[in-house]
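S.K.: Have a look; sequence and predicted model below, questions after that.
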Amino acid sequence: MIYLALNLSVIILLTISLLVFSNFKPNKAFILTLLIMFLLTAIFDSLIIRSNIVAYNYAKTIGLRIGLAPVEDFAYSVGSVLISAILWEKYAKK
């Protein structure tokens, strides 16, 4: 549960930042990027967990997994896409 609480707090802050401080509207590119990041996270996290490069204390997760990766791990993918959208909105030439 600890991983989930930490990840959700960051995702909520990033989402609020994106919605409040920009004119961002989710579009096809945003959704496609999220889907690709989820797929890559599922594949590569499962590989690094299987090879014992990374280990989790599963008592601190909610117990749901995609492949071998706990669902909490996917928050990093969501966060990276949200940060990219925030930076794109801020610095892209209009």
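M.R.: Great, that's in hand.
S.K.: pull the helix or strand with minimum mean pLDDT from the protein.
M.R.: Across the helices and strands of the chain, mean confidence by mean pLDDT, DSSP states H and E is lowest for helix 2-20: a mean of 82.
S.K.: For that one, buried residues please.
M.R.: Y3, L4, N7, L14, L18 (16 or more other CB atoms under 10 Å). C-beta here means a position set from N, CA and C on the backbone, and glycine is covered the same way.
S.K.: do stretch 47-62 as well
M.R.: I49, Y56, T61.
S.K.: what about that stretch, start to end distance?
M.R.: 21 Å (CA to CA, to the nearest Å).
S.K.: same deal with stretch 17-28?
M.R.: Start and end residues of stretch 17-28 are separated by 20 Å (CA to CA).
S.K.: to the chain's geometric centre, what's the distance from that stretch?
M.R.: Distance of stretch 17-28 from the chain centroid (CA atoms, centre = their mean, to the nearest Å) equals 16 Å.
S.K.: And stretch 62-82, by the same measure?
M.R.: Put simply, stretch 62-82 sits 6 Å off its chain's centre (CA atoms, centre = their mean).
S.K.: got the residue ranges for the strands in this protein?
M.R.: Secondary structure of the chain by DSSP state E: the strands cover 65-66, 69-70.
S.K.: Sketch out the low-pLDDT regions of the protein for me.
M.R.: Along the chain, segments meeting pLDDT under 70 span 1, 93-94.
S.K.: returning to what we had before: take the strands of the chain and write them to TSV, including mean neighbour count.
M.R.: Formatted as TSV, the strands of the chain follow (neighbours: other CB atoms under 10 Å):
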stretch	mean neighbour count
strand 65-66	17
strand 69-70	22
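S.K.: nearest to A29, of these?
M.R.: Closest approach to A29 among the strands of the chain (CB to CB): strand 65-66, 22.9 Å.
S.K.: From the contact counts, what lies against that closest one?
M.R.: Strand 65-66 sits against no helix or strand, with contacts defined as 3 or more CB pairs under 8 Å, 6 or more residues apart in numbering; DSSP states H and E.
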